[in-house]
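K.L.:
here is a sequence with its predicted model. Questions after.
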Amino acid sequence: MFLNRISLMKQDVEDFGEYPFTVPSINSLEQLDLSNAVTFFVGENGSGKSTLLEGIADKCGFNTAGGGRNNMYRVHASESVLGDYLRLSWMPKVTNGFFMRAESFYHFATHLEDVDEDGFQSYGGRSLHKQSHGESFLSLFLNRFNGRALYLLDEPEAALSPQRQLTFLRILKDMTAEEDCQFIIATHSPILLGYPDAKILSFDGDFIEEIDYEETDHYRITKYFLDHREKFLKEILED
């Protein structure tokens, strides 16, 4: 892996009573070792997974509003505090990559409208604003992403139908096996989490810990719902 370790420099933190160090998973972080081409961050909203992903993006020099090193635009509240306290260990170091934030993808697409000079050739030959949400996501993955790079994705399933999520799994396979890419993905999708040979890191407890696919709430709740739909709905909808 290019990025093989993430460490929190606790000696530099002046106040653990300030955000984001009030988040248990961040507060307890010492180091995470990455040994897989695909690593998933899972956890409830507010558990710290997106905060850490954004901090990594900041430390890599990617635009924390979404984009790579050369995408210079700003979105309110996109600055990372955590990045100043992280140490990233590389072998070897790569500078190519991209940080995709589903929640600010519209702003990234608008930024491209202002700077594009080649007919959006890196995005399938069409403005992302002239594609559906799902099409624009896949155009980014298929055309903008290329080899020997680190890709940080925050909830890429947001605009992808179940069928397109399966397409994305194939993209992951091709890019890791043939293009020598590394992915760190924060997700709620039980489909994406099923990707074979991925490491899954849960942020739901007081510590970040590796768990199996079948241990994730995403798998367990989805499976229970599909196996016992009528019973499940009765339990939550009836007084």
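P.N.:
On my side now, so go ahead.
K.L.:
just for the protein, where's the confidence low?
P.N.:
For the chain, applying pLDDT under 70 flags the ranges 70-79, 103-109, 111-112, 114-124, 128, 133, 239.
K.L.:
try 50
P.N.:
Within the chain, the stretches with pLDDT under 50 are 77.
K.L.:
buried stuff in the lengthiest helix in the chain?
P.N.:
Of all the segments of type helix in the chain, defined by DSSP state H, the longest one is helix 162-177. Residues of helix 162-177 classed as buried by neighbour count (16 or more other Cβ atoms under 10 Å): 164-165, 168-169, 171-172, 175-176. Glycine gets a C-beta too; all of them are placed from N, C-alpha and C.
K.L.:
please work out which residues outside it touch it.
P.N.:
37-38, 134, 137-138, 141-142, 145, 147, 151, 156-157, 160, 181-183, 189, 191-192, 194-195 (Cβ atoms under 8 Å, 6 or more residues apart in numbering).
K.L.:
same check, this time on stretch 38-52
P.N.:
6, 20, 23-26, 29, 53, 82, 154-155, 172, 176, 182-188, 192-193, 195, 197-204, 208, 211, 216-218.
K.L.:
hang on, D180 packs against F145?
P.N.:
No: D180 is not in contact with F145 according to Cβ atoms under 8 Å; the separation is 11.7 Å.
K.L.:
compare these two (neighbour count), which wins?
P.N.:
Neighbour comparison, D180 and F145: the larger count goes to F145, with 20 against 14 (by other Cβ atoms under 10 Å).
K.L.:
what's that one in contact with, if anything?
P.N.:
By Cβ under 8 Å, 6+ apart, the contact set of F145 is 98, 151, 171, 175, 179, 181.
K.L.:
same thing with N96?
P.N.:
For N96, the contacting residues are 68, 146, 148-150, by Cβ under 8 Å, 6+ apart.
K.L.:
now the buried members of these.
P.N.:
Among these, those that count as buried by neighbour count (16+ other Cβ under 10 Å) are 68, 149-150.
K.L.:
picking up where we left off before, show me the contacts of stretch 38-52 that map onto strands.
P.N.:
Using DSSP state E, the subset of the contacts of stretch 38-52 located in strands is 6, 154, 182-186, 199-202, 211.
K.L.:
need these in a markdown table with distance to D227, can you?
P.N.:
Shown next, in a markdown table, are the ones in strands among the contacts of stretch 38-52 (distance: Cβ to Cβ, whole Å):
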| residue | distance to D227 |
| --- | --- |
| I6 | 37 |
| D154 | 30 |
| Q182 | 35 |
| F183 | 30 |
| I184 | 31 |
| I185 | 27 |
| A186 | 27 |
| K199 | 27 |
| I200 | 22 |
| L201 | 27 |
| S202 | 23 |
| I211 | 21 |
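K.L.:
how close does N146 get to C181?
P.N.:
Taking Cβ to Cβ, to the nearest Å as the measure, N146 falls 8 Å from C181.
K.L.:
from the ones in strands among the contacts of stretch 38-52, which is closest to E14?
P.N.:
I6 (20.5 Å; Cβ to Cβ).
K.L.:
related to what we said a few turns ago, between the buried ones among the contacts of N96, which sits nearest K93?
P.N.:
For those, the residue nearest K93 by Cβ to Cβ is L150; the value is 9.7 Å.
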